[in-house]
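> sequence and predicted structure, then a few things I'm wondering about:
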Amino acid sequence: MPVKSPRPFILVACACAIFWPGSFIFGLPGVLRQHWQHVFDADGGAIGGAVFFILTGATCFMYLCGRLQEKYGPGRLAALGAVMGGGSVIWLSQAANMTEVNVWAFAVGASSAFVYLPGLTVVQRWYPEKRGLVAGFFNMAFGLSAAVTSPIFSVLLSTWGYEALTLAAGCAALTIGLAASALIRFPESDTATPVSDAPSAPGGRSVGDALKSREFWCLWLTWVFAGAAGASMIVLATGFGLARGLNLERAVVLLTAFNLTNGCGRLISGYFSDRIGRSRIMAMSFAAAGVAYLIMPHLAGLWLWAVLAAVIGFAFGTLFAVSGPLAGDCFGMVHFGAIFGLVFTAYGFVSGPLGPWLSGHILDVTQGNYTLVFSYLGLMYLTAAGLILLVQPWRECRL
């Protein structure tokens, strides 16, 4: 028996593994938006379509990863995700059109599933007494990564160029991801956890039982609306700034503000979800983001826009950080991977078309009417705030 617990090292390894997928998903499309528009003659709908393919790639493999992690182990899945993610960005350096960009988007989305779901499950199993906090820390690394890398990507794109930027980022992701995956594993007592759909032990509901519950479908619809509204800001932030007369370097501030709270806020919301209730903290953040979207087009000033983008980012981060532990509260950890993988289908299959793709299409049709787009995205967040209050787990952490 080792003298020191390996828990902190495993927690950090999971955070390092998810860092680069987060930077590619939340940061790279916004930074490369202008390049794709100029070189590939891509319109707003095409850029939003790339985010749709990211979400679709993640969703197609999320449920499968929930099953495979119990059979093959989370470390192997994380290593495969590192190879897929880093390799796809290296391949992106040679992309010649938006079709090839969409292939990259699907691949990098799929790679995130092989890292995200195993990592989220691992940290909660190692820290059962602080599931909200450690899920928040893990998700903070996922979301905060783009706040760190977006300004760097922007500078490197201007100085090194598109090809050198994508090659360097892909190699860094491949190296760090493979190193971190070597430490990712379940606690010894959890290695024999069953994966069938038979009635589960106390503290765990089967996949079939979850699908029959109100909690599952309210959580699923929450991911539809909050996921669509939050993901849209990934591709709209810099475009909104440019449309309001900012240059690229200043417009990226909006994306950075969004990603900063999208990342750091996950730790905060995860911590408070352990204390005041997960549904409450989600509802409050969604309502605030809804109001931020509604008033953002009617205000002027870089820093006012940045603050509102930060509020929206906090809500988006809360969706990721708290819904996993909330699903664990509702359904237990025995079949957590499979159940949460099914919840995530809302994000990829519905949120993508309803959010980034539709918002880009509306902007194209209306010659850049951000007031209309931000209004319907704000109403989506307000709808999600009402839905999540209907999710009442059988056990919820309180003071």
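The structure has been received and is ready for your questions. No experiment lies behind these values; they were computed from the predicted model shown. Residues are numbered from 1 along each chain as shown.
> residue 116 contacts residue 135, doesn't it?
No: taking contacts as C-beta atoms under 8 Å, residue 116 lies outside contact range of residue 135: 11.2 Å. (Each C-beta comes from the backbone N, C-alpha and C, glycine too.)
> from residue 37, how far out is the most centrally placed residue in the chain?
Centroid-nearest residue in the chain, with C-alpha atoms, centre = their mean: residue 320, separated by 6.1 Å. Counting by C-beta to C-beta, to the nearest Å, the separation of residue 320 from residue 37 is 28 Å.
> and the pLDDT for the residue nearest to residue 327 when sequence neighbours are not counted?
Closest residue to residue 327 apart from its sequence neighbours, by C-beta to C-beta, 6 or more residues apart in numbering: residue 340 at 5.0 Å. Residue 340 carries a pLDDT value of 89.
> I'd like the average pLDDT over stretch 157-176.
pLDDT averaged over stretch 157-176 gives 93.
> what does it contact?
16-17, 19-21, 23-24, 28, 31-32, 35, 39, 82-83, 85-94, 149, 153, 156 (C-beta atoms under 8 Å, 6 or more residues apart in numbering).
> now with 7 Å, please.
Stretch 157-176 is touched from outside by 16, 20, 31, 35, 82-83, 85-87, 89-90, 92-93, 153, 156, with contacts defined as C-beta atoms under 7 Å, 6 or more residues apart in numbering.
> can I get it in PDB, CA atoms only?
The C-alpha trace of stretch 157-176 is given here as PDB (Å, rounded to 0.1, in the frame of the first residue of the first chain):
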ATOM      1  CA  LEU A 157      -1.900  32.900 -36.300                       C
ATOM      2  CA  SER A 158      -0.700  36.500 -37.000                       C
ATOM      3  CA  THR A 159       3.000  35.700 -36.600                       C
ATOM      4  CA  TRP A 160       3.500  32.100 -37.500                       C
ATOM      5  CA  GLY A 161       0.600  31.500 -39.900                       C
ATOM      6  CA  TYR A 162      -2.200  29.000 -40.100                       C
ATOM      7  CA  GLU A 163      -0.100  25.900 -40.900                       C
ATOM      8  CA  ALA A 164       2.600  26.400 -38.200                       C
ATOM      9  CA  LEU A 165      -0.100  27.100 -35.500                       C
ATOM     10  CA  THR A 166      -2.100  24.000 -36.200                       C
ATOM     11  CA  LEU A 167       1.100  21.800 -36.400                       C
ATOM     12  CA  ALA A 168       2.400  23.100 -33.100                       C
ATOM     13  CA  ALA A 169      -0.900  22.800 -31.300                       C
ATOM     14  CA  GLY A 170      -1.500  19.200 -32.600                       C
ATOM     15  CA  CYS A 171       1.900  18.000 -31.400                       C
ATOM     16  CA  ALA A 172       1.500  19.600 -28.000                       C
ATOM     17  CA  ALA A 173      -1.900  17.900 -27.500                       C
ATOM     18  CA  LEU A 174      -0.600  14.500 -28.600                       C
ATOM     19  CA  THR A 175       2.400  14.600 -26.300                       C
ATOM     20  CA  ILE A 176       0.600  15.900 -23.200                       C
END
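> buried set for it?
By 16 or more other C-beta atoms under 10 Å, the buried positions in stretch 157-176 come out as 157, 162, 165, 166, 167, 168, 169, 170, 172, 173, 174, 176.
> now those residues in JSON lines, with distance to residue 128?
As requested, the buried residues of stretch 157-176 are exported to JSON lines (distance: C-beta to C-beta, whole Å):
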{"residue": "157", "distance to residue 128": "43"}
{"residue": "162", "distance to residue 128": "45"}
{"residue": "165", "distance to residue 128": "41"}
{"residue": "166", "distance to residue 128": "40"}
{"residue": "167", "distance to residue 128": "41"}
{"residue": "168", "distance to residue 128": "39"}
{"residue": "169", "distance to residue 128": "35"}
{"residue": "170", "distance to residue 128": "36"}
{"residue": "172", "distance to residue 128": "33"}
{"residue": "173", "distance to residue 128": "30"}
{"residue": "174", "distance to residue 128": "32"}
{"residue": "176", "distance to residue 128": "28"}
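> tell me the two of the residues you listed that are most distant?
By the measure C-beta to C-beta, 162 and 176 form the most distant pair in these, at 21.9 Å.
> low pLDDT regions in the stretch 151-300 of the chain?
Applying pLDDT under 70 to the stretch 151-300 of the chain picks out residues 189-204.
> next secondary structure after the helix or strand residue 233 falls within?
If you go by DSSP states H and E, residue 233 is part of helix 214-243. Counting by DSSP H and E, the next helix or strand C-terminal to helix 214-243 is helix 248-276.
> which strands or helices does that next one pack on?
The helices and strands touching helix 248-276, judged by 3 or more C-beta pairs under 7 Å, 6 or more residues apart in numbering; DSSP states H and E, are helix 131-159, helix 214-243, helix 278-295, helix 302-331.
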